[in-house]
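> Mind looking at a prediction? Sequence and model below.
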Amino acid sequence: MQSPHQLWQAPTQAVLSGEGPRQLPGPWRLMLLGDGSPTRHLRLLTGEPVTVDLIAMEPDRSDHSGAPTEVTDLKPPLLRRQVWLNCGGSTLAWAESWWNQEQADHHLRDREQPIWRSLTQGRSELFREVDGLALVEADWLQASFGLRGPFWSRHYRFFRGGKALTVIREVFSPQLETWLGPTLRQELHKSS
């Protein structure tokens, strides 16, 4: 699958400082701009375990069209992984990540396990930096979520020992508004 089309992007400095758009309600700020694990947040919100449906995990030989610019900081050869995150029969997020092939082989032994769980086995330290917040769209996202977009998206990097380990982009279903409250995603998109 191609990366979704970006409709709007928050200024990088606003994302790095944790400000984001003023219209974004507090619970959504925590979900999108916080440095916690989204799979853990989904579990806490729904009360259901998160299951990972692996779509693809293959070498990324492209020019990284549509990928966050931070992907260029990763050492090639790269691997691109795409998954759906499900809770209690509902698809609540789609994610793609880019990895150095050697790092992926080392850290992603169980390919259908959430990345956070794979990276924190052995209680090793990680640092997560949220680099981008956007509204995106894609027909295949709308079909899988069963709801109209645009959809909230964020991307971030995991660092270990001061070096970027992976770049991850997540796109969230509007169904999360059930737990987090409504957002002004359509209005924000129209005003940009």
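Received the coordinates, thanks.
> Worst mean pLDDT across the helices and strands of this structure, which element?
Scoring the helices and strands of the chain by mean pLDDT, DSSP states H and E places helix 115-120 at the bottom, with a mean of 49.
> name the helices or strands packed onto the helix or strand just after it?
Using DSSP states H and E, the helix or strand that follows helix 115-120 towards the C-terminus is strand 127-137. Applying 3 or more Cβ pairs under 8 Å, 6 or more residues apart in numbering; DSSP states H and E, one finds that strand 127-137 contacts strand 5-9, helix 12-16, helix 26-33, strand 151-160, helix 185-191. (Glycine included, C-beta is placed from N, CA and C.)
> Give me the contact list for strand 127-137.
With Cβ atoms under 8 Å, 6 or more residues apart in numbering as the test, strand 127-137 has contacts from 4-10, 12, 14-16, 18, 20-21, 32-35, 68, 70, 149-160, 171, 185, 188-189.
> average pLDDT across whichever helix or strand comes after that strand?
Counting by DSSP H and E, the next helix or strand C-terminal to strand 127-137 is helix 139-145. The pLDDT scores in helix 139-145 average 96.
> which of the residues in helix 139-145 are buried?
Within helix 139-145, the residues scored as buried using 16 or more other Cβ atoms under 10 Å are L141, F145.
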